[in-house]
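>>> Okay, structure incoming, though there's no sequence with it:
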């Protein structure tokens, strides 16, 4: 018992170390004190296109360290747990303990997450109230730190979600085995139907991301038209002689946010259900009662892994672009209003829907995939007469 307890204690330590490495990696790729963000700022000196190219490359490279870290953590936690009691369930419990180890410092992560919007809004208030330049300089530095803390919390969130999804996948296989009364401990990717499920799972992540980003684009278009209307009808806004209709813009954005995300939400919920039911009946016709479950297993695993990598890419890229702009505004590469600064504003504009809309939304989608399939599980088991 003592040895078993110590093994599970080590699983918790593994989770804590995993969280710490992910935090350091995210900070490295999003803080302007380090080379990745500075390379984006330097690329801005040669135009808007190079800013976008280097920013995307930084975001893609930023997926390496968190992915390898989570992979090693899951492997270590599983085998530590399994070595304690010698069973697969003990390995899963070890992974669960590691996940709890990651979540043990969640209170600090929540504080860091709240800091970002507070610092951002402080900068907005300082600018709107026409505070002296030194006040705005101070809030700019706080805002840059807030961009890093927000990116760190998102990296932490996706890391813990990836470990939790391994547990949900184990629960998925156990649940379908109990529902069907048949052993279900492996999935054959060489089966055409199973491969199709995996491809659709990966595609849904890209499709959802595209829907989320396009929703931001359409809403921004409406806001720009509204702002131009107000400037045209009330020119005194620019000279502070008239007050803008802020409520109209806030209402427009809020309404659009609720309207635009209905279809992406339905896509994520209904797609696995439709696929599972279709291949359930295919399984009945071909005498394969667990075909629907196997297809959904591939859908879940491919979708989860693609979603994790996509979310890491979007969160990191957006934060790096934002801080590249802040780095230039500190006086580097020409400072504010230079050509490099204009290019960095373009990168920051592209990065906003990445880090504030599509990336965080994928955190929810990843968990939603597992939850939807688990809740609707009985629908996907073929009825083969005597078997249930």
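Right, received. Where do you want to start? Because the structure is a prediction, the values reported are computed rather than measured.

>>> neighbours around residue 70, how many?
The number of residues packed near residue 70 is 24, by other Cβ atoms under 10 Å. Where you see a C-beta, it was placed from the backbone N, CA and C, and this is true even at glycine.

>>> any idea how far residue 208 is from the residue lying closest to residue 85 once chain neighbours are set aside?
The shortest distance from residue 85 to any non-neighbouring residue, by Cβ to Cβ, 6 or more residues apart in numbering, is to residue 4 (6.1 Å). If you measure residue 4 against residue 208 using Cβ to Cβ, to the nearest Å, the figure is 42 Å.

>>> For the two, indicate the residue with more neighbours.
Here residue 4 and residue 208 are set side by side on neighbour count (other Cβ under 10 Å), and the busier one is residue 208, at 23 against 13.

>>> Disregarding residues adjacent in the polypeptide, which is nearest to the more buried one?
Leaving aside its sequence neighbours, residue 208 is closest to residue 264 (5.4 Å, by Cβ to Cβ, 6+ apart).

>>> what about that neighbour, distance to residue 287?
Separation of residue 264 from residue 287 (Cβ to Cβ): 37 Å.

>>> What about residue 107, how many residues nearby?
Around residue 107 there are 9 other residues, counting by other Cβ under 10 Å.

>>> what comes up buried for the strand or helix carrying it?
Secondary structure from DSSP states H and E places residue 107 in helix 106-128. When burial is assessed from 16 or more other Cβ atoms under 10 Å, helix 106-128 yields the following buried residues: 106, 109, 112-113, 115-116, 119-120, 122-123, 126.

>>> Now the most centrally placed residue in the chain: which helix or strand?
To find the centre residue of the chain, average its C-alpha atoms and take the closest one (Cα atoms, centre = their mean): that gives residue 311, at 3.2 Å. Using DSSP H and E, the element containing residue 311 is helix 291-329.

>>> give me the low-pLDDT residue ranges for the stretch 251-388 of the chain?
Per-residue confidence of the stretch 251-388 of the chain (counting by pLDDT under 70) places the weak regions at 384-388.

>>> chain center to stretch 38-56: distance?
Going by Cα atoms, centre = their mean, to the nearest Å, the spacing between the C-alpha centre of stretch 38-56 and its chain's C-alpha centre is 23 Å.

>>> Chain neighbours aside, what residue packs nearest to residue 240?
For residue 240, the spatially nearest residue (Cβ to Cβ, 6+ apart) is residue 130, at 7.9 Å.

>>> cool, and residue 333?
In space, residue 333 is closest to residue 340, 4.3 Å off (Cβ to Cβ, 6+ apart).

>>> and that neighbour, what element?
Of the helices and strands defined by DSSP H and E, residue 340 is found in helix 339-353.

>>> got the angle for that helix vs helix 291-329?
Angle of helix 339-353 versus helix 291-329, following axes from the mean of the first three to the mean of the last three Cα atoms, to 10 degrees, is 150 degrees.

>>> For helix 339-353, enumerate the helices and strands it packs against.
Under the contact criterion of 3 or more Cβ pairs under 8 Å, 6 or more residues apart in numbering; DSSP states H and E, the helices and strands touching helix 339-353 comprise helix 35-43, helix 48-61, helix 192-233, helix 291-329.

>>> Compare the ones you listed and report which one is nearest to residue 277.
With Cβ to Cβ as the measure, helix 291-329 is the member of these nearest residue 277 (7.3 Å).

>>> Next, the angle helix 48-61 makes with the closest one.
When the same axes, to 10 degrees is applied, the directions of helix 291-329 and helix 48-61 differ by 130 degrees.
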